[in-house]
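# just the structure for this:
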Amino acid sequence: MRIMSFLDCSNRWTIQKAACSGFLSLLKRLGERNAEITDHGFDTWTAPIDGLFRKQHARLGERNAEITDHGFDWSMRIAATEGYLDIIKWLSAYRPEVKISARVMDAAALRGHLKVLKWLHENRSEGCSLHAMDSAAAGGHLDVVRWLHENRTEGCSTGAMDTAAAGGHLTTVQWLWANRGEGCTTVAVDFAIYNGHFPVVKWFSELTDFQPRTAKHTAGSNNDSNSNVCIKKQRSGQVTLTFD
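Model (predicted):
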């Protein structure tokens, strides 16, 4: 914390970069100086968001540039992705007139940050998109999926079940099947097989309207050999998986 008190002496620090780094105390000091949020402020810095955002290359020391909606939205998206609720609250209070995109709530859902979602829902009006539930399902964040279902109206797409199945999140797949009407596509079973999530494959195959299919499976993460997986369903409803 002693080092933190001297960080604002450097022109490298902008509100945007401090927000994305989660430094609330530094943000407050920059706010007292009436620093602006710009489209700049990154020194070949990569956002830790699993490839969702690009590298930003920028000039240093531009604290007095004109405020931009893009810079503010970017900062809120990074904070939401990382679960920095205190940063989100501060930014909203610092520039209450600036609107954000639905991608802020979407980013929080992607990482399963339910507290962030609830705060944005209660204190902001921009909302989210159907990608919020899709992304939460892909990560197996069932608590987020259920909350979105109960509190938001954007819904989801077939991508929710498809990606939940691809990730092996059986409980999430089952909940979506029982509580949502979007359903899934053949991608769900194909990628469950491909990724070796056979409990998910078995559950799908036991559905009364399931059509048996054959797909490629990569046998293990350290094995490059491929094998065919054949799903056989008897009249009794019993399902077997065979490999060749």
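# how many other residues sit next to residue 115?
10 (other Cβ atoms under 10 Å). Using the backbone N, CA and C atoms, a C-beta is placed for each residue, glycine as well.
# how much space between the residue nearest to residue 147 when sequence neighbours are not counted and residue 131?
Of all residues not flanking residue 147 in the chain, residue 114 sits nearest, at 6.1 Å (Cβ to Cβ, 6 or more residues apart in numbering). Distance of residue 114 to residue 131, given as Cβ to Cβ, to the nearest Å: 16 Å.
# higher neighbour count, these two?
Taking other Cβ under 10 Å, residue 114 and residue 131 do not tie; residue 131 has more neighbours (21 against 17).
# give me the pLDDT value at residue 84.
Here the pLDDT value assigned to residue 84 is 89.
# I meant to write residue 69 there.
Predicted confidence (pLDDT) for residue 69: 70.
# touching, it and residue 99? I think so.
Yes - counting by Cβ atoms under 8 Å, residue 99 is a contact partner of residue 69 at 6.6 Å.
# on that earlier part again, report the contact partners of the residue nearest to residue 147.
By Cβ atoms under 8 Å, 6 or more residues apart in numbering, residue 114 lies in contact with 141, 143-144, 147.
# residue 69 and residue 99: which is more packed in?
More crowded of residue 69 and residue 99, by other Cβ under 10 Å: residue 69, with 14 against 11.
# quickly note the distance from the more buried one to residue 95.
Taking Cβ to Cβ, one finds residue 69 at 10 Å from residue 95.
# next: residue 121.
Residue 121 sits at a distance of 20 Å from residue 95 (criterion: Cβ to Cβ).
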